[in-house]
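Peer 1: Sequence first, then the predicted structure:
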Amino acid sequence: MESVPHRKTRNKHYETMQGPSLPVLGSVPIIPHTFSILFRLSGPRTWVFPSFSFILGYAVGGGGLVSQIGIGIAVASLVTAATNIVNAYADRKEDATNQPQRLFWLGQIGSRQITASLVVLYSSAVVLAIYLGPLFILVLGLGILNSIFYSLPPLRFKAKPFASLASFSGALGLPFLGGLGVGGSLDLLNPMLWLLTWFMFTYGTVKNLPDYFGDMKAGIRTSATIFKNVKNAVLFSCTLLSTPFVLLVSFVSLGLLEPIYIADLALIPLFAFIILEMLKAKDAAGLEKAHTLGFFYAISFLLFTLVLTSPTVQSLVMVLGAFLWTLTVAKVSVHSRVEFRDWEKQRRKRP
């Protein structure tokens, strides 16, 4: 039997494999894809509402500094982003039907990273607000409370139909008031404040329509689910959505608003088109499409009103920028709401 010579062997040192070192926010690691998910959940197209409501209030109050406008836009966008993230997290039950992709995104980042992001968003808004004065900070404090308790207990305004719409109307009313506050005045009787607040109150009924079936299943009471069928909910929303025009004409007739604002009636053909789309919708996907069109109508009302208030080149540039931002967000599909809701059909189409 042939012997095999003994071979000396060395003990090899094997290094333990470690993942890449990630930057951290407190004790929470920052993973690159977290930012893209949070951006989706922050509802970037909705940032236009509070941003331009602030600009409108700032213009009505006589302000004109570009630096203050920029800070106001940043604060409005940060708080709105936080509001949408809180809302997405709080609505996990109904989103299992309404927006199931949101559940996937939330699961990808986890509650700790969501909490950390909210701390950053709210605290950044407060720090920036210091440059806009004490009255603005006061309004911001109310806005943050409204932002949190719109979705979260113990108040959870959105669980009560009227309180939900009243809270939602703050998305235009409070930023406008903040814009006035930068100029040193909180005029609670300003007719434009009430026109914008009521406009957003009525628009809130539109955004509830696509979620009718999921909210009914989850037992959530909204301005839509208080009706036994979606058709009645649509009729109620269409009727209420027409009332801001009545309020506008009344304010102009009473001399509370300048006659130039009657030009907002030029949006009635667009409004009529939205109403027809809402009435033709037969399912959640159709209602979501109508809601998307309604969104563009709503920002058009706001932006057109801004141009009537301040017919300058600067206003036109900002308005064009707002439309460009909104269309870009829609084009690249980074908003958290998904218009096409046939989830099973989408899955079958995937390779």
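Peer 2: That came through, no problem. Numbers count the residues shown, from 1 in each chain.

Peer 1: Okay, now the unreliable bits of this structure?
Peer 2: Applying pLDDT under 70 to the chain flags residues 1-32, 95-98, 333-351.

Peer 1: Strands along that one, start to end?
Peer 2: In the chain, the segments counted as strands under DSSP state E are 24-25, 28-29.

Peer 1: so where do the helices sit in the stretch 101-250 of the chain?
Peer 2: For the stretch 101-250 of the chain, the helices defined by DSSP state H, counting those that start in this stretch cover 134-149, 161-182, 191-208, 212-218, 230-241, 243-253.

Peer 1: how close does the most centrally placed residue in the chain sit to Ile69?
Peer 2: Nearest to the geometric centre of the chain sits Thr46, at 3.6 Å (C-alpha atoms, centre = their mean). Separation of Thr46 from Ile69 (C-beta to C-beta, to the nearest Å): 19 Å. C-beta here means a position set from N, CA and C on the backbone, and glycine is covered the same way.

Peer 1: Over to Met192?
Peer 2: Shown here: Met192 relative to Ile69, a distance of 17 Å by C-beta to C-beta.

Peer 1: repeat for Phe251
Peer 2: Phe251 is 26 Å from Ile69, by C-beta to C-beta.

Peer 1: go on, Phe136?
Peer 2: Per C-beta to C-beta, Phe136 is found 13 Å from Ile69.

Peer 1: Pick out whichever of these two has more residues nearby.
Peer 2: Ranked by neighbour count (other C-beta atoms under 10 Å), Phe136 and Ile69 place Phe136 first, with 30 against 20.

Peer 1: Could you verify my assumption that the more buried one touches Gly183?
Peer 2: No: contact criterion C-beta atoms under 8 Å: Phe136 and Gly183 do not qualify, at 9.6 Å.

Peer 1: returning to what we had before: minimum distance to Val332: which of the helices of the stretch 101-250 of the chain has it?
Peer 2: helix 191-208 (21.5 Å; C-beta to C-beta).

Peer 1: what's the angle between the closest one and helix 243-253?
Peer 2: Helix 191-208 and helix 243-253 are oriented at 170 degrees to each other (axes from the mean of the first three to the mean of the last three C-alpha atoms, to 10 degrees).
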